Structures are given as C-alpha cells and as structure tokens.
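Asks: the sequence and its predicted three-dimensional model are supplied below.
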Amino acid sequence: MKNISEFNSGMSEYEFFSFLYDKIVSKEIITFSKLKELVQPVLKEKWTHAVIMRAFILLKRTSWGFFSAICPNTHKKLWKEMVIPDRDFPEAGDLKKTLQISNLYVAMLDIHGYTKFCMESRKNLSMMHNLDWAIENEIKRISTQCGAISQRERGDEMVVVAASATDALMVTLCIIDYFCKTNVVNDPAIITKRGEKADALPIFKITAGITGGNTQSPLIITERGNLAGFLLNSGARLQTRANELSPHDSRIMIAKQVMMNYEKENAANICKLAQNNALYFFDTGHIEFKGVMIPTCEVVFDKNERYKEQFAEDMTKLFSSIRENLWEQRIYQDMMELLTKVAISMPKFTIATPVQIFGMTSIDNESYVQLCRHGLKAYCRDEDYYLAVEYLNHLVDLSEKLPAFDRLILDYLRGITEKYQLLLNAYEKHIDKEVEEKANIIFQADHYKTWLAAKNGSQIYDKLRSVGRKSKEITKKKNLWLSMLSQNKEKMEFTLYSGKK
C-alpha cells in the first residue's frame, strides 16, 4: 500500500479508496475531520473529492450507529441539528456527541401482541418474516418520509428521533396508521397503507412515549453512535405509562413541552394534522421519574375518544388542587365533579353489582352520577367522612368494571381514595376516644347497658360505635378532620410515579 505522500504519483481512485477503507474499517479514522486531515495533501486534486465522499458514506455506516442513514437531502432538519458540517464538503461532517438543543425529540414505540403473534405463527414462518420485514423496512421508509430516523430495539420496540415536535407526532401517528390500518394522518405524501407483502398481517396496536424540545434534557450519542441520556429514558417511561393505561389499545403519552412546541410550530406553518384537527391534547398531570416531575399530556387521535374534551377542564382543576395539597375540601369535591362529568360524557353503560350498593343492584351512567352527588353531600354538607370515603371505595370498584373508563382517571381515583382512607383511619382513632368518653350521654338507659355489654362482642360493638361516631353529641368533627389533615400532611402528598423506585 502506498503512502499518502505518493497520492500525486499516479495512484488510482481504487487504490486511494482502498487506503481510506483500511483506515476506516480498522477504526484508525472515526470522524470526517480526521479523514480530511489525513488527505489534506491531496485535497487540491479534484478527482479525490468523489472518493472522499464515498469514504464518508462508509465512515457513517461504521461509526454513526443509529444515525448512519441520515443525509442532508432526506433528513434536512435532523442533519442541521445533529451534524457539524464541513466547510469544503457541505454534504459531509461530524456527528455531535452531546446534544443540548431544543429541536430534538425522541419517540419510543411498542407493538402490542408481538410475542403472542410470534408464538401463534411459529408454524407459519412466512407471516413472521413479513412482520419482521415490515418493522425493518417499512418503518424506516415511513420515518424517512417524515424527516425522522428510526431503529428497531429488542424485537417489538422502536426508537424514533425527529427534529421537530410536528415530525415526532407525525411519524408516530403514521406508524400507528400502518399497523392499525387507520388513516389519522391522511397525508398523500406519506404512504401508510400496507403493501401486498404486509397486508395479510393482523392489526397491531401501538403505544408510544414522546419527549424532547427542552435544552435541559440532553441526548448523549456514544462513540458507537448509540443513544443514551435522560431524554431517551424519559421517553421510555412515558411509553411504559401509555402501556399501563392502554394494555390493549393504542395510546400516545407526551411531555407537555412537546405539545407546546407543536402548537408554536403550527402557528406559522400548519401541518396536515393541524389542518384536519386530528389531535386533541388531554392534560394528564405530572409523572415523577427519578426525582424529576414531568408534566404530561395524552395525544387523543381516536375520534371515539374526543369526548374527553368535555371533562378536560375538570381534570385540570383536580391537578391544581393536588399540587396545592388542598385535601380539606377541594380534592374530594374536584374528584367527584370530574367523575360526574366523565359518567355524563362517556358512552352509555350498565353493569350489575355483585352486592347491593345503597339498594342498587345495577349501575348506569345516571346512577353513577347520583353516587357522586351523594358522596359530595356526605363530605361537604353532612361532614360524614365515613360515608364519604365509603362512596369513594364503591366508585373505585365500579370504575374498575367499566372497560371504557379512562385508566388515568381511575389511577387518580384509586390514589386519592387510598389517601382519604389513610386519613379516615387516623380520624377514627381520635373520634372513637371521644365516643368512649361520652358513651353514657350518647347511649341512654338500656342502650348504654348494651354498649357496655357490647364491648365484649366486637361485632355489635363496631355497629354501635358507628352509630356513636355520627352522633350530634360528638362536636367539632370538621375541626378534628382538619387537624388530622394537618398532622398527616406529609403522608397525604400524592403523585403518580413512573419507573423504578
């Protein structure tokens, strides 16, 4: 092999490329700047430029990892954000290794039913090959058409990187359209209809988490071109949350910053999604991840779920009350008002109850609303905290039996009920002490004798104590309840957590 100094002495293009090939494959050269430094003596020779660009393509494939497929023609925005361009070779450059820029977004996607499909198709390998082909090729094609880049991870998982919130949402919804055979995006420029090879595949649901658009959340690119950092991890947590909320349906959870940036981008240049009013962003509150609180939204793209708009304001009120720790009255009231609006807005339902609930053997939308109103009356007007918490527990049980009931709201209902139950337990200890002290006043004549005798029979005792707790002789119940709130303030803090503890 000739030396670099011999390039001007009749070396052929083939020999020149072979020289560079060996340097790149052996990892002696891993950046374009180093490659250019190596060939500096012959840059004035125009014939070398085409060979240098061929070597750059090889260098990308061997050293750029996740980003090896991007180029300035197909990924204009990503190229601008992720590559330090070369002055003499505008279509070449070096990949940035640490990115703290606002115009970068990561989407993590998961295909529901992939493992089950593989198990069921083990005797029909052609179907498995068709699915693998679709994941490996069609998703990359769709990503490129959206100006994004994608990579398959661990069988049924995909990672997508885009240079705008619009592109990140567009590519995610296009992938959902492809696997679900829907047409949410409805953009003729992006083909999401399956070709003959994949048309026989069943419908697959997709869950996704999208984050980005914040300079405080860096994305690290390793020496091998792989991704790391908080941006990637938080995207994975949002996808996990979407999967928890919709184990059988498609759902997209995003960081609120993504929504804000999407709206800014479409204020000037309106994309197909905005033109068609295809999306609604439903505030889903804060999720805690590794000590960081992430404001989140759900991207509602199914027309059948647009009814969520009707109670979005009530949801926001509840989030605000939780953040301000307003357990005295607002959280209970906001929860009941939200559940009332949900029951009114959601599709009609009727479910049988395993046991009678306040005389009812079945519950529909209207009777669900009545339970909410009775609970609100018990808490706010009657100060009957036992009955108020009992209503909460019944509503949890009923909501769990409704397939169409929003899983996020159910999570908040469960969490809030647990907190009020905790508070009720502390409240009972104090009020029962007062019942003991005033038993001779509360229970007159024979009832007092029964009370004393009942202490030896716990079942009767508990029933009578329940009567005693509601007695008008027990004064300042509300003051005691608020006192318990104050004493248990730290225990009443409530957030949804995502990730490992």
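Replies: Happy to help now that I have it. Numbering: from 1, shown residues only.
Asks: show me the strands in the stretch 101-250 of the chain, by range?
Replies: Under the criterion DSSP state E, counting those that start in this stretch, the stretch 101-250 of the chain contains strands at 105-111, 149-153, 157-162, 206-212, 219-221, 227-228.
Asks: helices or strands next to the last one in the packing?
Replies: Secondary-structure packing of strand 227-228 (3 or more Cβ pairs under 8 Å, 6 or more residues apart in numbering; DSSP states H and E): strand 219-221. Quick note: C-beta positions are derived from backbone N, CA and C, even for glycine.
Asks: what's around N440, how many residues?
Replies: Using other Cβ atoms under 10 Å, N440 has 10 other residues around it.
Asks: show me the contacts for V161.
Replies: 66-67, 78, 104-107, 148-150, 219, 227 (Cβ atoms under 8 Å, 6 or more residues apart in numbering).
Asks: mean confidence for the host helix or strand of Q421?
Replies: Element membership of Q421, judged by DSSP states H and E, is helix 407-437. Averaging pLDDT along helix 407-437 gives 89.
Asks: helices and strands around the helix or strand that it is followed by, which ones?
Replies: Scanning forward in sequence from helix 407-437 by DSSP H and E, the next helix or strand is helix 439-442. Counting contacts by 3+ Cβ pairs under 8 Å, 6+ apart, helix 439-442 packs against helix 446-454, helix 458-469.
Asks: run the last query once more with 7 Å
Replies: Under the contact criterion of 3 or more Cβ pairs under 7 Å, 6 or more residues apart in numbering; DSSP states H and E, helix 439-442 touches helix 446-454.
Asks: against which helices or strands is the helix it packs on packed?
Replies: By 3+ Cβ pairs under 7 Å, 6+ apart, helix 446-454 packs against helix 439-442, helix 458-469.
Asks: and the ones you listed, which one averages the lowest pLDDT?
Replies: For those, where the average pLDDT is lowest is helix 458-469, sitting at a mean of 75.
Asks: what's it packed up against?
Replies: helix 407-437, helix 446-454.
Asks: tell me the most buried of these?
Replies: Among the helices and strands packed on helix 458-469, ranked by average contacts under mean count of other Cβ atoms under 10 Å, first place goes to helix 407-437 (a mean of 17).
Asks: returning to what we had before: quick check: which of the helices and strands packed on helix 446-454 is nearest to I357?
Replies: Counting by Cβ to Cβ, I357 lies closest to helix 458-469 out of the helices and strands packed on helix 446-454; the figure is 17.8 Å.
Asks: circling back: out of the helices and strands packed on helix 446-454, which comes closest to Q239?
Replies: Here helix 458-469 is closest among those (Cβ to Cβ), at 46.5 Å.
Asks: so how far is that closest one off the chain centroid?
Replies: 46 Å (Cα atoms, centre = their mean, to the nearest Å).
Asks: what angle do that helix and helix 407-437 make?
Replies: Orientation check (axes from the mean of the first three to the mean of the last three Cα atoms, to 10 degrees): helix 458-469 against helix 407-437 gives 90 degrees.
Asks: and helix 458-469 with helix 446-454, angle?
Replies: 140 degrees.
Asks: tell me the buried residues in stretch 84-97?
Replies: Judged by neighbour count using 16 or more other Cβ atoms under 10 Å, the buried positions of stretch 84-97 are 86, 89, 92-96.
Asks: so how far is the first residue of that stretch from its last?
Replies: One end of stretch 84-97 to the other measures 10 Å (Cα to Cα, to the nearest Å).
Asks: contacts for it next, please.
Replies: 31-33, 36, 52-53, 56, 64, 67, 72, 82-83, 221, 225 (Cβ atoms under 7 Å, 6 or more residues apart in numbering).
Asks: and if we set it to 6 Å?
Replies: Contacting residues not belonging to stretch 84-97 are listed as 31-33, 56, 64, 67, 72, 82-83, 221 [Cβ atoms under 6 Å, 6 or more residues apart in numbering].
Asks: Provide a list of residues in contact with I357.
Replies: Shown in contact with I357 (Cβ under 6 Å, 6+ apart): H394.
Asks: that one pairs with what?
Replies: Counting by DSSP bridges, I357 forms beta bridges with M360.
Asks: any idea how far it is from T417?
Replies: 15 Å (Cβ to Cβ, to the nearest Å).
Asks: same question, S362
Replies: Counting by Cβ to Cβ - S362 and T417 are separated by 22 Å.
Asks: next one: E436
Replies: In terms of Cβ to Cβ, E436 sits 28 Å off from T417.
Asks: coming back round to it: which other helices and strands contact the helix holding Q421?
Replies: Here helix 407-437 touches helix 385-400, helix 458-469, helix 477-487, going by 3 or more Cβ pairs under 6 Å, 6 or more residues apart in numbering; DSSP states H and E.
Asks: just the ones you listed: most buried one?
Replies: Mean neighbour counts for the helices and strands packed on helix 407-437 (mean count of other Cβ under 10 Å) peak at helix 385-400, with a mean of 19.
Asks: so for that one, what's the average pLDDT?
Replies: 94.
Asks: now stretch 200-212, how far from the centre of its chain.
Replies: Once both centres are worked out by Cα atoms, centre = their mean, stretch 200-212 turns out to sit 13 Å from its chain's centre.
Asks: who's in contact with it?
Replies: 104-113, 130-131, 168, 172, 176, 179-181, 231, 234-235, 238-239, 242-243, 246, 249-255, 258.
Asks: restricted to helices, list the residues you listed.
Replies: 130-131, 168, 172, 176, 179-180, 231, 234-235, 238-239, 242-243, 258 (DSSP state H).
Asks: separation between N325 and L413?
Replies: 18 Å.
Asks: got it, and E337?
Replies: 13 Å.
Asks: sorry, back to before: any chance of the helices and strands packed on helix 458-469 in TSV, with distance to V185 too?
Replies: Putting the helices and strands packed on helix 458-469 into TSV (distance: least, Cβ to Cβ, whole Å) gives the following:
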stretch	distance to V185
helix 407-437	24
helix 446-454	68
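Asks: between those helices, which one is closest to G213.
Replies: Checked against Cβ to Cβ, the stretch from these lying closest is helix 407-437, at 22.2 Å.
Asks: which among the contacts of stretch 84-97 end up buried?
Replies: The buried subset of the contacts of stretch 84-97 - by 16+ other Cβ under 10 Å - is 32, 56, 64, 67, 82-83, 221.
Asks: in strands only, show me the residues you listed.
Replies: Within these, residues falling in strands by DSSP state E are 83, 221.
Asks: which of the buried ones among the contacts of stretch 84-97 sits closest to E263?
Replies: For those, the nearest to E263 is M82 (24.1 Å; Cβ to Cβ).
Asks: picking that back up, restricted to buried residues, select the contacts of stretch 200-212 in PyMOL.
Replies: Buried residues within those, by 16+ other Cβ under 10 Å, are selected in PyMOL with:
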select buried, resi 104+105+106+107+108+109+110+111+112+130+131+168+172+176+179+180+231+234+235+238+239+242+243+246+250+251+252+253+254+255+258
